[in-house]
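Participant: Sequence plus the predicted model coming up.
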Amino acid sequence: MRRLVLLSFFRAQVESRRTSNAPNIIYALEEPETSQHPDFQLMIVNALKDLSETDNAQVLFTTHNSNLAKEIPKKSLRYIFKENGSVNVESGTNPDGSDNINIIDKIIETLGALPDPKNKVKVLVFVEGENDINGLIEYSKMLNAEDDSIISLENNEKIAFIPTGGSQLKFYIEKKYLDGLLQAQVHVYDSDIPAYVDAVASLNAEGNASKIGYNTSKLELENFLHHEAVVECYDELNINLTLDAIEDTEDVPEKVAIAVHSATSETEWDSINPDPTKTAEKQKKKISKAKKLLNTKAIEKMSIERLQERNGYEEIKTWLDKINELCN
């Protein structure tokens, strides 16, 4: 209760320090997360971050909680350790702003993460983002309906998805942040970005039987779709789409977004708006919308036959079989 009172105090301090005459002050706390629900822990950390961004204020707090530490910008991390009888303090970043890999590894190793005996999760499935999660779940449902020996990922308590889009990929792969959880890992990434290809190669080079990575043989997961499934999806939205066969190496979300734009607008794709910047923004939104629809509605129009025609059945089955193997 005292810590919750402190939370209110920190919030009040943020407001009071917005004045120009706020005094210099250092706030120092020891393990503020103790005995708090995770939601309150996050609220406390966010309040402390807000407080640290006010003028003439510095915030220091200690923690042994890995979940709390990951909420802190790496540049704000300080690892305190004894070596040869002396106390050392090192930052999570180097002077040039790059990650201080050795110290981050030590922080992860020190904080660790003990497995929860009630946790039924056996496999962590790493993907790029939400659309890939939807896509994999739908494909697994389809394959499971045809062959119940193939695992379904829908509401499967043995599976947890970890989105690793953007800079998070490097953090998870190179820093091995979740290795302490002891669950097996299966990584499934598109092959359109070199960083994802390199990540999978690096992961598999470890030779760890409980960690394996895959890159799609096609450009992206959307390239496994059959164009007829996409056309039928948009038919239900009263959009008459003209779409030729999907190729393995083309940008499918962009291809579909252009086709939808052509079917619903009189403007050209490259001149949606007189302002080129706004045109690019609108194109990006249309592509994002198409990507989401492809991985939710269009994929529902897929069938085993259509997936086989796209030469995707065996590949996706390989991923699912590996996940199933590691679950048992």
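Facilitator: Here it is on my side, so go on.
Participant: for Glu83, phi and psi?
Facilitator: phi -150, psi 120 (degrees, to the nearest 10).
Participant: can you count the residues close to it?
Facilitator: The number of residues packed near Glu83 is 7, by other Cβ atoms under 10 Å. Where you see a C-beta, it was placed from the backbone N, CA and C, and this is true even at glycine.
Participant: so how far is Cys327 from it?
Facilitator: Plainly put, Glu83 is 42 Å away from Cys327 if you go by Cβ to Cβ, to the nearest Å.
Participant: helix or strand right after the lowest-mean-pLDDT helix or strand in the chain?
Facilitator: Counting by mean pLDDT, DSSP states H and E, the chain has its least confident helix or strand at helix 168-175, which shows a mean of 61. The element immediately downstream of helix 168-175 (helix or strand, assigned by DSSP states H and E) is strand 184-189.
Participant: and the helix or strand just after that following strand, what does it pack onto?
Facilitator: Using DSSP H and E, the helix or strand that follows strand 184-189 in sequence is helix 194-205. Using 3 or more Cβ pairs under 8 Å, 6 or more residues apart in numbering; DSSP states H and E, the elements in contact with helix 194-205 are helix 168-175, strand 184-189, strand 211-215.
Participant: what is the mean pLDDT for helix 194-205?
Facilitator: Throughout helix 194-205, pLDDT has a mean value of 90.
Participant: so how far is it off the chain centroid?
Facilitator: Helix 194-205 sits 16 Å away from the centroid of its parent chain (Cα atoms, centre = their mean, to the nearest Å).
Participant: C-alpha coordinates for it, PDB please?
Facilitator: As requested, C-alpha coordinates have been extracted for helix 194-205 and formatted as PDB (Å, rounded to 0.1, in the frame of the first residue of the first chain):
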ATOM      1  CA  PRO A 194      18.300  -9.600 -45.200                       C
ATOM      2  CA  ALA A 195      18.400  -9.100 -41.400                       C
ATOM      3  CA  TYR A 196      15.800 -11.900 -41.000                       C
ATOM      4  CA  VAL A 197      17.700 -14.300 -43.200                       C
ATOM      5  CA  ASP A 198      20.900 -13.500 -41.200                       C
ATOM      6  CA  ALA A 199      19.000 -14.000 -37.900                       C
ATOM      7  CA  VAL A 200      17.800 -17.500 -38.900                       C
ATOM      8  CA  ALA A 201      21.300 -18.500 -40.100                       C
ATOM      9  CA  SER A 202      22.800 -17.300 -36.800                       C
ATOM     10  CA  LEU A 203      20.100 -19.100 -34.800                       C
ATOM     11  CA  ASN A 204      20.600 -22.400 -36.600                       C
ATOM     12  CA  ALA A 205      24.300 -22.100 -36.400                       C
END
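Participant: when you give positions from now on, start the count at 308
Facilitator: New numbering, starting at 308: the last item is helix 501-512.
Participant: how far off strand 518-522 does it point, in degrees?
Facilitator: Going by axes from the mean of the first three to the mean of the last three Cα atoms, to 10 degrees, helix 501-512 is angled at 150 degrees with respect to strand 518-522.
Participant: Can you check what angle separates helix 501-512 from strand 491-496?
Facilitator: 150 degrees.
Participant: Ile623 versus Ile378, what's the distance?
Facilitator: Let me fix one detail, which is that residue 378 is Glu and not Ile. From Glu378 to Ile623 the distance is 35 Å (Cβ to Cβ).
Participant: of those two, who's got more company?
Facilitator: Taking neighbours as other Cβ under 10 Å, Glu378 and Ile623 compare with Ile623 leading, 22 against 15.
Participant: Pull the distance from the one helix or strand the more buried one maps to to the chain's centre.
Facilitator: In this structure, Ile623 is located in helix 620-634 according to DSSP H and E. Taking Cα atoms, centre = their mean, one finds the center of helix 620-634 at 21 Å from the center of the full chain.
Participant: other SSEs contacting it?
Facilitator: Using 3+ Cβ pairs under 8 Å, 6+ apart, helix 620-634 sits against strand 430-434, helix 437-453, strand 491-496, strand 518-522, helix 611-616.
Participant: Tell me the predicted confidence for Gly487.
Facilitator: Looking at Gly487, its pLDDT reads 59.
Participant: Domain boundaries for this protein, per the record?
Facilitator: As recorded under automatic domain parsing, the domains making up the chain are 309-418, 434-520+619-634, 529-612.
Participant: could you dump the ones you listed to TSV with distance to Val428?
Facilitator: Below are those laid out as TSV (distance: least, Cβ to Cβ, whole Å):
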stretch	distance to Val428
domain 309-418	16
domain 434-520+619-634	5
domain 529-612	23
